[in-house]
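S.K.: sharing a model prediction with you, sequence too.
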Amino acid sequence: MFQQIIVIGRLGQDPEVRMTQSGQAVATLTIAASEKWTGKDGQKQEKTTWFRTIAWGKLGEICGKYLKKGALVQIVGKMEQRTWEKDGVKQYSWELVASDMKMLDSKRDDSGSRDSASSYSGHSYVGGYDAPQPRGGAEEDVPF
């Protein structure tokens, strides 16, 4: 089975980057994904869901270097549950482990033109597992 989550939202704070004992970078991001709608009573409503996100390795370094609070990003990854015990009570938390990141905000260069969005991938190492690699053979000839 395969799981892939895509989240588009804004960073709630600057990424926090730290290094593991083995020298691996890990960035922690908080992403707010909001939806707006008009209720049956005609009132405008909004709901925001916060995603705690982790980016490992080179992807984590890139997130720390280029992302800032308020940046609009698309994160692709998988949801993982962390479990720990505190004061004898089991605690649970869900994290989005990023495998790809795309910066969706456009920025102006010195000439005044806008740059397109940039994408970064962390496929060499993603949260403790090797990301699936494309298989060779006849499947490469499939047009879709």
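M.R.: Yep, it's here. Residues are numbered from 1 along each chain as shown.
S.K.: dead centre of this protein: give me the residue that sits there.
M.R.: residue 75 (3.3 Å; CA atoms, centre = their mean).
S.K.: what packs against the helix or strand where that one lies?
M.R.: Following DSSP states H and E, one finds residue 75 within strand 72-86. Contacts defined by 3 or more CB pairs under 8 Å, 6 or more residues apart in numbering; DSSP states H and E place strand 72-86 against strand 5-11, strand 25-38, strand 44-56, strand 89-103. The C-beta positions use only the backbone N, C-alpha and C, and glycine is treated the same way.
S.K.: now stretch 54-68 - C-alpha only, PDB.
M.R.: Extracted in PDB, the C-alpha atoms of stretch 54-68 (Å, rounded to 0.1, in the frame of the first residue of the first chain):
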ATOM      1  CA  ILE A  54       9.100  17.300   9.200                       C
ATOM      2  CA  ALA A  55      11.600  17.500   6.400                       C
ATOM      3  CA  TRP A  56      14.800  15.500   6.500                       C
ATOM      4  CA  GLY A  57      18.300  15.800   5.000                       C
ATOM      5  CA  LYS A  58      18.900  18.200   2.100                       C
ATOM      6  CA  LEU A  59      15.100  19.000   1.800                       C
ATOM      7  CA  GLY A  60      15.200  20.100   5.500                       C
ATOM      8  CA  GLU A  61      18.200  22.300   4.800                       C
ATOM      9  CA  ILE A  62      16.500  23.900   1.800                       C
ATOM     10  CA  CYS A  63      13.300  24.500   3.900                       C
ATOM     11  CA  GLY A  64      15.400  26.200   6.600                       C
ATOM     12  CA  LYS A  65      17.200  28.400   4.100                       C
ATOM     13  CA  TYR A  66      14.400  29.500   1.800                       C
ATOM     14  CA  LEU A  67      11.100  29.400   3.700                       C
ATOM     15  CA  LYS A  68       9.900  32.100   6.100                       C
END
